[in-house]
Every structure is written in structure tokens, then in C-alpha cells.
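> need a structure here:
(chains A and B)
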Amino acid sequence: MSDATTLLLLLWLLPLASAIFIFAFGPLLRRAAGFIGSAAVLTSFGLTLAIASSAFATGGLKLHLLDWVPGFTFGLWLDPLSLLWTLIITGVGGLIHFYAIGYMWSDRAIARFFAYMNFFAFAMLTLVLSDNFVGLLVGWGLVGLASYFLIGFWFFRPSAVAAALKAFVMNVVGDVGLMFAIFVLFAATGSTAYSDVFAKATTLAPGTILLACIAIFIGCAAKSAQIPLHTWLPDAMEGPTPVSALIHAATMVTAGVYLIARCAPLWDVSPEARALVGTIGALTALLGAVLGVAQWDIKRILAYSTMSQIGYMIMGVGIGAYQSGVLHFYTHAFFKAQLFLAAGIVIHSLHDEQDVRKMGGLGRTMPLAFWAMTIGTLAIIGFPGLSGFFSKDAVIYSSLERGYPLLYAIGVLTAGITAYYMCRMLFVTFLGNYRGEVADSELGIPEREHADPHVGEGAPAWIMGVPVAILMIPSALAGYIVIGGRWNSLLAADFAVTPASSLATFVPEWLSTILVLAFVAVGTVVAYVRYGSFDATASAVERLRSESMRMPQLLVRAFYFDEAYDVLLLRPARAIGSAFMSVVDPRVIDGAVRDVVWLAGWFGREMRALQTGLVRGYALILALGAAAFLAYFALIGAAR
Amino acid sequence: MSAPMSVDVSYYVALSAVVFFIGLGGVILRRNPLIMLMSIELMLNAANIALIAFARAWTNNAGQIFAFLVITVAAAEAAIGLAIVIVVFRRSKNVDVDEVAGLRG
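Residues are numbered from 1 along each chain as shown, chains lettered A, B, ... in the order given. Below you'll find the predicted structure:
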């Protein structure tokens, strides 16, 4: 092993070692666990930077670890794509870990929290660093488990337990899809290693490829909250805010983007898979944006925006614009983590109030959160010059480049809606007057219960402030990496640059950018007029109440997806269960047992006549039996 | 082995059979438990006669040894049987086995 591979192994195992250590000594460590956990992840980040250059060598950095059965060898593989994910997981992840020290300051289970967080970092690194599908599936399952642990971290809240269970069940649906894809690919190619499978991609039958792509995408849809497996993500906001920032915004939910980008050789040869995944990505982007409009919970707004932005990424990588999709992941990780962390500061300062209707006017009292949220919002809506501008524009325009005008239209429309709901959140939260003292009923908030734990009291403000401040820099500036085509050349080892379609020559990129910006401007202005202007803030209480009252049920209920699952899956399952309970169980299973019992009883009743109690009778029977034996053997002897 | 005068083995077997059936008849027909026990002794000793007769005929001492075992078993059987008879008599003042039918189903 060369030095670089040693460091690769070390950066992969460090979070695991830290997780085990914190698990073992948690009660002794208390808050120190936070510093140990953060140090482990940030050290991994440093190691990744140290070996980053070797990822760009031909073939990347490979480390063979284990031979299991023929067709499955496990190893680590650091190439430009996995390097990018590793940097985000350890870099942004390390900052979020540090932030969480402050957020979880007074939580009794702070050590358990950091053990889970480090375990998540290890699982996510396994997912992206594996050089084969089976290792990826292991990481895939483990991040789902870590997500389950962390969503349900406050397990004394029934809603958190339900959300954790929902996330886990939906993720298992995806795991099964991914496993099926591995079966298909293994049957077709005899290997699970990326290099072997992709080398044979062009020789496989189109049907096989499409089947594998669809099965892979089921996994991606569950993990990355795409239609129709998206309903767990908003509920996952039950977890502590750092968890939402790390797992349900920056890293885990983008695993689907990673997987499709990784499987680019498969998508390259299947136009049907491209159309399918691109369409679902675009629809998810639109659906998430539309639902984001109707939310009042600051974290749920961000959750729907995450879903929407991942829709963009999936659309990008799905239609073959891998560079653009991955670029959007890269910028999104910064500004979305920042938005969540800023939201966490707000939630914290207001003692776990998450409803934006109860906020307002916070720009004056929380300048750091305000500026962080502002930069994050400008970045996500694609304000010119900020990171989201480069990546979102690239994704939207690439749909045109590759000949999907309908997806382009959806992308542009979604950009406008995104600007509207993100500015709405920003204005309602930070402008106007503070509405925390206004009664719930006056703001149109339905009855709710406050069971939220106050976990972060007493933490020094800088612990949460520093990561947010640091994240402002990449959220604003990360997009400049694309200048001069450097981004494409960085990823050149993974994706070839494909030619543009004729549609692209018809609409040049600058025109498209202006179109997108026009939609963004309209969204922003409408949001300003409705929530940010002087008139709107002056009568904010009245306006918010009437809006809450008039919100269409279709949006409040998120297009009835949960209800549809209830009707289509849960009720039939329950009906089958109750049918078994009322018919099969008593009649067939219990019935068989009862019949056996009855048979034994009947036999006993019939046989009791023989028990006369007369000793001489028994003796006679014995004698007759002996005689019968004798006669039998005598006859046998005679026959012989 | 030189036996100056030897009786054929069939006579011993016939004797054994006669004694056995006398015993069997006693067990089945008599109602006094003491007589039944004595009849059982007859059956056991009939078996002994047959065992010893065959042992001599085949010059195989296993049969003789087995006869000793039967005697031992017969002694044990008689002891237990008499004990049962005494217990039954104490409980019911009865020595008719047909009256002792508490296990009738």
C-alpha cells in the first residue's frame, strides 16, 4: 500500500472508529463526544484533501481490500466523482458536526447523537467509496439505518418515531429495487464491480439495461425522495436540525444523484431510461416547489425545497447532463446546509418554534441567521453571481441541449416558483414585526402540541455561528468553479462531453438565462408584494391568518400522496390481515389444531369400552394375544 | 454326557404344557386373588420345566441360568402380588377380583 491508499483507508475508517469509541464511552464523554466526533470527520476531510490529487490520476486511486466470492471483490475507489462526494460529506459534514455541538449542548443523549452522526459519515463514505455495487448497497442500507436512528433520535415523541419508521420502510423499498438491479447486472455480466459491469454495458441487451436502470432508479427514488417515494422526506424533519442539514439536505438524499452519475455508462446506452428518470426528476422538482408554497413550518419549507432541488439534480443526471447535475449537488450541499443551519439558529433562539407565522422581524435580532438565510435564499433561487445561479442554469439549459423541451419548460417554471416560496419564507421570517406573542388562533394556526425538547440552552453562540459563517463563503462563491470549462475537465475521467442537440442552437444559453431570471424575478416580486412590502408587513397578522384559512386542501395534504398510499397499500394490506384473522386463522390454522384434539378425544372415548377393570378379562386378552402370536409363527413355520 | 436311562424331551415339554394350561385356566377362571397368584406361579414354573428340559437336550446351560432368573422374578411377583392383595383386602374386605374394578373406563 502506498501512502495515498493508507490515507484513503484511514479517512474511511476514522468516523467508524470514532463512532465505536463514542458508543463505548458515551456516558463518560458527554459534550466531549461532540468535539471528538467533529474532529474525526474534519480529520477525514483533511486526509481527503491530502490525497485529492491522486483521484485525478488515470483510473483514480484504488485500494483492494477483500476477495469474497467470484464476481465480488471489495475495495475502495477514489475517482473525481467519489472525491467530490467525499469532500462534501467530510467537509460540510464536519462543519455540521461542529454546529451540532451547540445545537445539542444540553441534550442528555449528546454522546449517542454524535455516535450516530459519525456512523452516518462512515456509512456514506462506504457508499461513495465502494468500487462495486455490493459495497454500495451495504453503504446504501447503512445510511438508511443511520437516517432512521437520527430521525427518531427524540424517540419520546411519537411523531418522530412514526417519521423514522416511514423513512426506513420507504428506503427499504429502494434497497430492494437496488438489490434487484444488482441481480440483473450480475446475471448479465457475471460481476458486481463497476469496472467490469460498465465495460460490458454496450454489449448488453437494451431490455436488460432498461430493467437494471429502472431497478436502480427505484433505489434512487426512495433515497433521494423522488415521486412517488418522496413522502418520507418532509416527515424526516422530526429529527434534530443538524440531521436535517447533513442527511436530509446535503448528503444522503443526494445518494441517488451519485448512483445515477456513477452508472452513467448504463444511462448512456438507454434513451428510455433517460427519458423516464429525467421526467420524474422534473416532476419532482415541480411538485416539491408547489408544495413548498403551502408550508408554514420553516423546516418543512426547506424539506420541500430540498426535494425540488434534488429533482433538478436527478433530471440533470437522468438526461445525461452529468456535469450539470453533479454541479448542482455540489452547490446545493453548501447553500442548503447553510439554510438549515440558519433555520436551526432561528428555531433555537425562539425555543423550538418552527412555524414562520410566529416569527417575523428577526432580521434585527438575529443578523447572522438573517444574512446566512439571505445568502442561502439568493443562492437557491439562482441570483446572478451566487453559486445556485451557475448550477441551476446549467441543469435547466442542459435539458434543452439534450433535446427535452418539455423538461426545460418545467425547469424554468419551477425556478420561478422556487424564487417565490423561498422569498416568502425569508420575508415572513425576517421582515416586519415579531409575532411570537400573537396567539396561535389569530394567525390561523390550528391547535398543536408543544413537546419539543429545549436541548441547546447554555451553548456558546460561536459554536453554531462559526460553521454558518464559514458556509456563507462557498454558498456564495462555489459556482465560480465552472469558469473556463474547468468543471467539465475535472470530471472528464467520469463523463465524456456529449454534443448538443439542434434545440440548443435555436435558443442560445444567454437567452435561456434571461428567461430563467425573468421567472425568478417575477417569483421574487410577487413574494415581496405579498409578504415583504410595507403594506404586507404592516397587516401581516391579518394576511397570514386569511392565507392559512384559504390554503387549498390539495396543497396542505401534499396532493394526497399519503392518503393514496393509505388507500392503495395500507388498507388492502389491513384487509388481507383482517381476512386472515377472521377466516383463515380460526378456520384453517386453529381449525386443524381443534380437529386433531377432537380426533384424540374420539379415539379415547371409543377405546374406553375395553377398559373393563376385570383382571380376569385382561388375562384372557393376554392369553388370546399370545395364542394369536403362536398361531402366526406356527403358520409361518408350516408354510416354510 | 452318559445318561444310562434318558427320557425323551417331548415328555418334559408335554408336562410343561399341561402345567402351563392348568395355570392359565386358574388365572382366567378363578376369582380368588390368592388362587390366581398360585396359578401364575404354576405358569412360571411350567416355563421353567421347558427351559431346563431344552437346556439339557441341547446341552446349553443358558436355559438353566434363565430358570434361576424366572424363579427370582416369580418371587418378586409373588411379593408384590400379595402386597396388592393385602391392600385391596384392607380397603374393601373383599377377595373377589371381579369386585375390584375401579379402573373400569
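> who touches the residue nearest to A:K166 when sequence neighbours are not counted in this structure?
Using CB to CB, 6 or more residues apart in numbering or on different chains and skipping the chain neighbours, the partner closest in space to A:K166 is A:W232 (4.9 Å). The way it works is simple: take the backbone N, C-alpha and C, and place the C-beta from them, glycine included. Taking CB atoms under 8 Å, 6 or more residues apart in numbering or on different chains as the criterion, A:W232 is in contact with A:A163, A:K166, A:A167, A:M170, A:N171, A:A225.
> Grab the nearest non-local neighbour of the last one.
Counting by CB to CB, 6+ apart, A:L233 is the residue found nearest to A:A225 once chain neighbours are left out, at 3.9 Å.
> What values do phi and psi take at A:Q309?
Phi and psi for A:Q309, reported as degrees, to the nearest 10, are phi -70, psi -40.
> ok, it - how many residues close by?
By other CB atoms under 10 Å in any protein chain shown, the residues close to A:Q309 number 30.
> likewise A:Y480?
Neighbours of A:Y480 using other CB under 10 Å come to 14.
> cool, A:G388 as well?
Using other CB under 10 Å, A:G388 is surrounded by 29 other residues.
> and chain B, which residues reach chain A?
B:24, B:27-29, B:31, B:36, B:97-98, B:100-105 (CB under 8 Å from any CB of the partner chain).
> Check which residues of the longest helix belonging to chain B are buried.
In chain B, assigned by DSSP state H, the helix with the most residues is helix B:62-92. If you call a residue buried by 16 or more other CB atoms under 10 Å in any protein chain shown, then helix B:62-92 has these buried ones: B:G63, B:F66, B:A67, B:A74, B:G81, B:V85, B:V88.
> helix, strand or coil for the residue lying closest to B:A101 once chain neighbours are set aside?
Spatially, and ignoring its direct neighbours in sequence, B:A101 is nearest to A:G613 (3.1 Å; CB to CB, 6+ apart). Classification of A:G613 using DSSP: H, G, I helix; E, B strand; the rest coil returns coil.
> Quick one, grab the pLDDT at A:G613.
The model reports A:G613 with a pLDDT of 80.
> Up against chain B, what does chain A have?
For chain A, the contact set with chain B under CB under 8 Å from any CB comprises A:607-616, A:619-620, A:623.
> Just the buried residues of those.
Buried among the residues of chain A next to chain B by 16+ other CB under 10 Å: A:T612, A:L614, A:V615, A:R616, A:A619, A:A623.
> For chain A, which helix or strand comes out least confident on mean pLDDT?
helix A:502-506 (a mean of 67; mean pLDDT, DSSP states H and E).
> Check which residues of the next helix or strand along the chain from it are buried.
Remark: after helix A:502-506, the chain's next helix or strand is helix A:509-527, criterion DSSP states H and E. Neighbour counts over helix A:509-527 (16+ other CB under 10 Å) mark A:S512, A:T513, A:L515, A:V516, A:L517, A:F519, A:V520, A:G523, A:T524, A:A527 as buried.
> so what's the fourth one up against?
Yep, that's A:V516 we're talking about. A:V516 touches A:G382, A:K392, A:D393, A:I396, A:V412, A:A415, counting by CB under 8 Å, 6+ apart.
> Distance-wise, check it relative to A:N171.
33 Å (CB to CB, to the nearest Å).
> Using ChimeraX, define a selection of the buried residues within the residues of chain B next to chain A.
Buried residues among these (16+ other CB under 10 Å), as a ChimeraX selection:
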select /B:24,27,28,36,97,100
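> In CSV: the residues of chain B next to chain A, plus secondary structure.
Shown next, in CSV, are those (three-state DSSP):
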residue, secondary structure
B:L24, helix
B:V27, helix
B:I28, helix
B:L29, helix
B:R31, coil
B:M36, helix
B:V97, helix
B:D98, helix
B:V100, coil
B:A101, coil
B:G102, coil
B:L103, coil
B:R104, coil
B:G105, coil
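> Can you add pLDDT and give the residues of chain B next to chain A back as JSON lines?
Converted to JSON lines, these look like this (pLDDT from 0 to 100):
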{"residue": "B:L24", "pLDDT": "92"}
{"residue": "B:V27", "pLDDT": "90"}
{"residue": "B:I28", "pLDDT": "90"}
{"residue": "B:L29", "pLDDT": "90"}
{"residue": "B:R31", "pLDDT": "87"}
{"residue": "B:M36", "pLDDT": "90"}
{"residue": "B:V97", "pLDDT": "81"}
{"residue": "B:D98", "pLDDT": "80"}
{"residue": "B:V100", "pLDDT": "78"}
{"residue": "B:A101", "pLDDT": "76"}
{"residue": "B:G102", "pLDDT": "75"}
{"residue": "B:L103", "pLDDT": "73"}
{"residue": "B:R104", "pLDDT": "74"}
{"residue": "B:G105", "pLDDT": "67"}
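> Having no further points to raise, I will conclude here.
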